[in-house]
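In: starting from these lines, generate the structure:
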Amino acid sequence: MAQPKKNSSSPAAQYFAEVLRTLRVNAGLSQNELGERMAYSGAAVSAVETCAKPATDEYIEAAEKALGAGGLIAAAAKYLRLERYPEHFQGFVQLEQEALSVSSYCTQLIHGLLQTKEYAEAVLNYAFPPWKRTKSSSWCRHAWSARRCWTAGRGVSST
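Out: Numbers count the residues shown, from 1 in each chain. Next up is the predicted model:
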């Protein structure tokens, strides 16, 4: 009896990979050819299409340009980006993206949009219970990248 394939990746990651694969095939490109257009290797294209590795923001932008997808890849990636955050926080991320302003009163912390990368890492590294250093720096890297994207779309400097 055949066993079903076990895929540990999320439905959003699987959908993104399928959209990317379909666009590549419809464009008549091999994984290596698409990789060359994007300045990535064919193995990197394969890794994203098989959900072995997650797509970075840079990869998503390069794929969008290389395939001339007209925003389709970026639309599919919107759901993929949410998975970078803890499940209990994903609803807040969606609300923040739609918000015109965010009001907050904190006496002990600097609000997230005003934090430097170093400050955010320091806050997370001294949390209790302590986080693993790799986890906090990875989370900060993704959050800082999202902040740059958010502020760039509004004509605000992110430095």
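In: from here on, contacts and neighbour counts on C-alpha atoms
Out: Will do.
In: any weak-confidence spans in this protein?
Out: Low-confidence segments of the chain, defined by pLDDT under 70, span residues 1-7, 102-107, 109-113, 127-159.
In: try 50 this time
Out: For the chain, the stretches with pLDDT under 50 are 4, 156, 158.
In: ranges for the helices of it?
Out: If you assign secondary structure with DSSP state H, the helices in the chain sit at 11-26, 31-38, 42-49, 57-67, 72-82, 90-98, 117-125, 133-152.
In: now render these as a markdown table, adding distance to Gln108 and mean neighbour count.
Out: Shown next, in a markdown table, are the helices of the chain (distance: least, C-alpha to C-alpha, whole Å; neighbours: other C-alpha atoms under 10 Å):
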| stretch | distance to Gln108 | mean neighbour count |
| --- | --- | --- |
| helix 11-26 | 36 | 18 |
| helix 31-38 | 44 | 18 |
| helix 42-49 | 41 | 19 |
| helix 57-67 | 32 | 17 |
| helix 72-82 | 27 | 17 |
| helix 90-98 | 21 | 12 |
| helix 117-125 | 11 | 16 |
| helix 133-152 | 19 | 15 |
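In: enumerate every residue touching the residue lying closest to Ile73 once chain neighbours are set aside.
Out: In space, and not counting its chain neighbours, Ile73 is closest to Glu64: 5.9 Å by C-alpha to C-alpha, 6 or more residues apart in numbering. Under the criterion of C-alpha atoms under 8 Å, 6 or more residues apart in numbering, the neighbours of Glu64 are Gly70, Gly71, Leu72, Ile73, Ala74.
In: can you name the residues that contact the last one?
Out: Okay, so that is Ala74. Neighbouring residues of Ala74 by C-alpha under 8 Å, 6+ apart: Ile60, Glu61, Glu64.
In: which single one of those is nearest to Tyr126?
Out: Nearest to Tyr126 among the contacts of Ala74: Ile60, at 33.0 Å, using C-alpha to C-alpha.
In: from Glu118, how far off is the closest one?
Out: As for Ile60, its distance to Glu118 is 26 Å (criterion: C-alpha to C-alpha, to the nearest Å).
In: do Tyr15 as well
Out: As it turns out, when the distance is counted by C-alpha to C-alpha, Tyr15 lies 34 Å from Glu118.
In: got it, and Ala44?
Out: Distance, Ala44 to Glu118, using C-alpha to C-alpha: 30 Å.
In: next: Arg37.
Out: With the distance defined as C-alpha to C-alpha, Arg37 ends up 35 Å from Glu118.
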